[in-house]
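A.B. asks: Dropping a prediction and its sequence here:
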Amino acid sequence: MLLVEGYTHRGFAGDQEGRSGQPATRVPRKITDGGPIVDTTGDHLRTYRTPARTVALTFDDGPDPTWTPRVRAVLDRYDVPGTFFVTGQQVARHPGTVRELIRAGHEIGVHTFSHPDLATRSASDIDRELALTQLALAGAGGINSSLLRMPYSSTTSALDDPAWSVAQRLGDKGYVLAFMDQDTNDWRRPGVRAIVEAATPSPPGRGAVILLHDAGGDRSQTVEALKTLLPRLQAQGYRFTTLADILGTDSLTSPVGTADLWKGRIFVAAVTVSGTAVSVATALLLVVGSLVLARCVLLLVLARHHARRRLRHPTGRGRPVTRPVSVVIPAYNERLCIAKTLRSLAASDHPVEIIVVDDGSTDGTADIAESLALGHVTVIRRPNGGKPSALNTGILRASHDIIVMLDADTVFAPSTVRRLVQPFADPVVGAVAGNAKVGNCRRLLGRWQHIEYVMGFNLDRRMYDLLRCLPTIPGAVGAFRATALRDAGMMSGDTLAEDTDITMALHRAEWEIRYVEDALAWTEAPATLRELWRQRYRWSYGTMQAVWKHRHALLQRGHAGHFGRLGLPLLAVFQIFTPLLAPLIDILTLYGLLFGDPLGTMLAWTGVLAVQFVCAAYAFHLDGERLGPLWALPLQQIVYRQLMYLVLTQACLTAINGYRLPWQRLKRSGDVMLPPQPSTREP
């Protein structure tokens, strides 16, 4: 539809911008010295002049929905026929205006489809211009026309060799060509009086084909000039006629057959639909652009406020939490990762009990965990039952009232557990989210995900934390109060995003959720596009399931209602609705490059990228990350973001169809490394 819209709606220059300075050695003298109507069809080579005291009014570049009806109204008032040379673009856009001209008895001629200089176009381009115009005329008015005026043409004496070659080709295709005797230059808007004088035959009594315009700009002076010109010439004894009458034929148009009629109607309908679609897309672009800008501003302002609050209260309120905690790790075929994960936990500077729940692994994961002989590590072997069930098994075996959960492909810094549990000094806190980072970002795909984690996920969590409506505690690093988990119904397999599900359930159970940005964990991100697609597909679909499951929070009171009326709408708008519309930015950028103003389009797209870069740079600053990886941000916008759009679209279609998506485990590489711990910087 964009291609149809772009080709049929792109603008064209007026007749004033034609070529000049070409030789005219091959143009016959009888043509250059002849009348303004040229017939080269068949073996003919003749011209026709307008009889004395006869005027043919011709109008180029229409139809226009505003000015053509006003021109027609003046002509009809004085019972004067007009000849309208229409472009196929305008006909397809305004078919009703053409039908009104035909019903009123006015003559219709062809002015090509997109108004090119035919002398500079190939034979195939010319044929396409004519075919599309005839198709538009067939769909709009059920006619074909054999009368044509070439764009940028004037009098026959101005014909040059390239234009004459085209004129002969057009004659071979059966077209009679119209030129002019007098050009009013009304497109310049010289004033009503100047237009009237230019349209008055000179010398008096001479017949003339007069050129005016009913489109291409403000034609109010043309309309007013007609109101003066027509009664004046009628009073002087002039009669008005059509070009067909000058040629001595009844009409230069003919009705089309049924097949051509329906082809034309389908074409016009396609143009109409495409125009509507682009109008809607443009309106939605304004919406999504406003949402993207609003989100960036909101994230920057709230993230800055959040960082300042953390500086004032670096460990939260209350006495430091020093009691031991239980760490639960669900594991299924994690032989490549489990050793690193357990060693990182064993190095923790906070007392921990580690529970590994082997969920029916077939690769010896449990054996590896036991062979490490680390203290305070318990390995539970059970048949495969899914991640939520494995987590619940670990929770029930936990000895302590604070339970830290992490994925088996995640490594913790020594201080992570200690920092993660400090908010539990406040008895209203039921769970805490940590700061998950990409631990394998040496390749381009990893860098893209690294940018996304730092810029998107963690800036979002700062905002949600400040607004007290954090929707997701990441599975890679989160801590829970055992009492809160029981209040929320434990981990559930109802959705594919058990981390989002339990977080929303905790809100509905009236527990507060906190975010600690310096509780760092490094997780293994997908290393291939296929694996990334599978992961994000599950995340997107699971998030939608969780939102739908907990939709009744909108009607609850207290903290649950606060989350329902603030957190759920923010999640729906910024993580579902806005990403679904965001492709319009790229699609309409491409549209603008092809059919609009390329420079302006690129400046606008660069502006969007600059906003994204500012957000990313500030997020990296807050997280103490080097800015070096941001060189990949433009490529991320071009490639990676498109993949995320497609994933979300597929997830939405899956949700609409009601299909139950099965759990999809990612392949592990085990190359997550624990980097030097960055320091959290001041805002």
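C.D. replies: Here it is on my side, so go on.
A.B. asks: Centroid-nearest residue for this structure?
C.D. replies: The residue lying closest to the centre of the chain (C-alpha atoms, centre = their mean) is residue 584, at 0.7 Å.
A.B. asks: contacting residues for the closest residue to that one other than its chain neighbours?
C.D. replies: Nearest non-adjacent residue to residue 584, counting by C-beta to C-beta, 6 or more residues apart in numbering: residue 285, 4.7 Å away. In short, each C-beta sits where N, CA and C put it, glycine included. Counting by C-beta atoms under 8 Å, 6 or more residues apart in numbering, residue 285 makes contact with 581, 584, 585, 588.
A.B. asks: in what helix or strand does residue 285 lie?
C.D. replies: Secondary structure assignment for residue 285, by DSSP states H and E: helix 258-312.
A.B. asks: coming back round to it: assign the residue nearest to the centre of the chain to helix, strand or coil.
C.D. replies: helix (DSSP: H, G, I helix; E, B strand; the rest coil).
A.B. asks: Likewise for the one 4 residues further on?
C.D. replies: Using three-state DSSP, the three-state assignment for residue 588 comes out as helix.
A.B. asks: show me the residues around it that make contact.
C.D. replies: Here residue 588 is in contact with 281, 282, 285 (criterion: C-beta under 8 Å, 6+ apart).
A.B. asks: repeat that for 10 Å
C.D. replies: Counting by C-beta atoms under 10 Å, 6 or more residues apart in numbering, residue 588 touches 2, 278, 281, 282, 284, 285, 289, 596, 601, 604, 605.
A.B. asks: So which of those wins on neighbours?
C.D. replies: residue 278 (20 neighbours; other C-beta atoms under 10 Å).
A.B. asks: which non-adjacent residue is nearest that residue?
C.D. replies: In space, residue 278 is closest to residue 5, 4.5 Å off (C-beta to C-beta, 6+ apart).
A.B. asks: Surely that neighbour is in a strand?
C.D. replies: No - counting by three-state DSSP, residue 5 is not part of a strand but helix.
A.B. asks: and the closest residue in space to residue 37 that isn't next to it in sequence, how far is that from residue 60?
C.D. replies: Computed as C-beta to C-beta, 6+ apart, the closest residue to residue 37 that is not its neighbour in sequence is residue 48, at 4.1 Å. Relative to residue 60, residue 48 is positioned 19 Å away (C-beta to C-beta, to the nearest Å).
A.B. asks: more neighbours, these two?
C.D. replies: residue 60 (27 against 18).
A.B. asks: coming back round to it: now for the residue nearest to residue 278: which residues touch it?
C.D. replies: Here residue 5 is in contact with 93, 270-271, 273-279, 281, 591, 595 (C-beta under 10 Å, 6+ apart).
A.B. asks: Go again with 8 Å.
C.D. replies: 271, 274, 275, 277, 278, 591, 595.
A.B. asks: Please report how far it lies from residue 587.
C.D. replies: 12 Å.
A.B. asks: again, but for residue 658
C.D. replies: Taking C-beta to C-beta, one finds residue 658 at 29 Å from residue 587.
A.B. asks: Neighbour count: these two, which is higher?
C.D. replies: Shown here are residue 658 and residue 587; by other C-beta under 10 Å, residue 587 has more neighbours (13 against 6).
A.B. asks: Test my guess that the more buried one contacts residue 2.
C.D. replies: Yes - at 6.8 Å, residue 587 counts as touching residue 2 under the criterion of C-beta atoms under 8 Å.
A.B. asks: Low-confidence stretches in the protein?
C.D. replies: Counting by pLDDT under 70, the ranges of the chain that qualify are 7-21, 313-318, 659-683.
A.B. asks: Let me know the next secondary structure element after the helix holding residue 285.
C.D. replies: Toward the C-terminus from helix 258-312 - assigned by DSSP H and E - lies strand 325-331.
A.B. asks: Contact partners for residue 370?
C.D. replies: residue 379.
A.B. asks: Next, count neighbours for residue 242.
C.D. replies: Counted with other C-beta under 10 Å, residue 242 comes out at 22.
A.B. asks: Next, find the distance separating it from residue 176.
C.D. replies: Residue 242 is 12 Å from residue 176, by C-beta to C-beta.
A.B. asks: swap in residue 129?
C.D. replies: 17 Å.
A.B. asks: show me what contacts residue 479?
C.D. replies: 325, 402, 403, 404, 405, 417, 420, 421, 424, 431, 432, 434.
A.B. asks: how many other residues sit next to the last one?
C.D. replies: Put plainly, it is residue 434. 28.
A.B. asks: Also the second one?
C.D. replies: Residues contacting residue 402 under the criterion other C-beta under 10 Å number 21.
A.B. asks: Please apply the same query to the one 10 residues further on.
C.D. replies: A count of nearby residues for residue 412, using other C-beta under 10 Å, gives 27.
A.B. asks: Surely it touches residue 477?
C.D. replies: Yes - contact criterion C-beta under 8 Å: residue 412 and residue 477 qualify, at 7.3 Å.
A.B. asks: Need the residues touching each of those two.
C.D. replies: By C-beta under 8 Å, 6+ apart, the residues touching both residue 412 and residue 477 are 406, 520, 521.
A.B. asks: Partner strands of the biggest strand by length in the chain, with direction?
C.D. replies: Assignment by DSSP state E gives strand 512-523 as the longest strand of the chain. Using DSSP bridges, the strands paired with strand 512-523 are strand 410-412 (antiparallel), strand 429-438 (parallel).
A.B. asks: Please save the CA atoms from the helix or strand that the last one is followed by in CSV.
C.D. replies: Moving toward the C-terminus from strand 429-438, the first helix or strand encountered (DSSP H and E) is helix 444-451. What follows is helix 444-451, C-alpha atoms only, in CSV (Å, rounded to 0.1, in the frame of the first residue of the first chain):
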residue,chain,number,x,y,z
LEU,A,444,27.5,-8.0,18.0
LEU,A,445,24.3,-9.8,19.0
GLY,A,446,25.5,-9.8,22.6
ARG,A,447,26.3,-6.1,22.4
TRP,A,448,22.8,-5.3,21.1
GLN,A,449,21.3,-7.2,24.1
HIS,A,450,23.8,-5.5,26.5
ILE,A,451,22.5,-2.1,25.3
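A.B. asks: Mind listing what's buried along helix 444-451?
C.D. replies: For helix 444-451, the neighbour count (16 or more other C-beta atoms under 10 Å) marks 445, 446, 447, 448, 449, 450, 451 as buried.
A.B. asks: List the residues that contact residue 91.
C.D. replies: Counted by C-beta under 8 Å, 6+ apart, residue 91 has contacts 63, 98, 133, 136, 137, 140, 268.
A.B. asks: Name the nearest residue to it, sequence neighbours excluded.
C.D. replies: residue 136 (4.0 Å).
A.B. asks: Near the one you found, how many other residues are there?
C.D. replies: 27.
A.B. asks: Could you check how far it is from residue 112?
C.D. replies: 11 Å.
A.B. asks: Doesn't residue 357 lie inside a helix?
C.D. replies: No - assignment of residue 357 by three-state DSSP gives strand, placing it outside any helix.
A.B. asks: Give me the number of neighbouring residues for it.
C.D. replies: There are 26 residues near residue 357, going by other C-beta under 10 Å.
A.B. asks: What ranges does the stretch 401-550 of the chain have for its helices?
C.D. replies: With helices called from DSSP state H, counting those that start in this stretch, the stretch 401-550 of the chain shows them at 416-421, 444-451, 458-467, 482-487, 498-508, 529-549.
A.B. asks: can I get the CA coordinates of the longest one in PDB?
C.D. replies: Right, helix 529-549. This file holds the C-alpha atoms of helix 529-549, laid out as PDB (Å, rounded to 0.1, in the frame of the first residue of the first chain):
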ATOM      1  CA  LEU A 529      19.100 -14.900  16.200                       C
ATOM      2  CA  ARG A 530      17.100 -18.100  16.300                       C
ATOM      3  CA  GLU A 531      17.600 -18.600  20.100                       C
ATOM      4  CA  LEU A 532      17.000 -14.900  20.700                       C
ATOM      5  CA  TRP A 533      13.700 -15.200  18.800                       C
ATOM      6  CA  ARG A 534      12.600 -18.100  20.900                       C
ATOM      7  CA  GLN A 535      13.500 -16.400  24.100                       C
ATOM      8  CA  ARG A 536      11.700 -13.100  23.400                       C
ATOM      9  CA  TYR A 537       8.700 -14.900  21.900                       C
ATOM     10  CA  ARG A 538       8.300 -16.700  25.200                       C
ATOM     11  CA  TRP A 539       8.800 -13.500  27.200                       C
ATOM     12  CA  SER A 540       6.400 -11.400  25.100                       C
ATOM     13  CA  TYR A 541       3.700 -14.100  25.100                       C
ATOM     14  CA  GLY A 542       4.200 -14.800  28.800                       C
ATOM     15  CA  THR A 543       3.900 -11.100  29.700                       C
ATOM     16  CA  MET A 544       0.600 -10.900  27.800                       C
ATOM     17  CA  GLN A 545      -0.600 -13.900  29.700                       C
ATOM     18  CA  ALA A 546       0.400 -12.400  33.000                       C
ATOM     19  CA  VAL A 547      -1.300  -9.100  32.200                       C
ATOM     20  CA  TRP A 548      -4.500 -10.800  31.300                       C
ATOM     21  CA  LYS A 549      -4.300 -13.100  34.400                       C
END
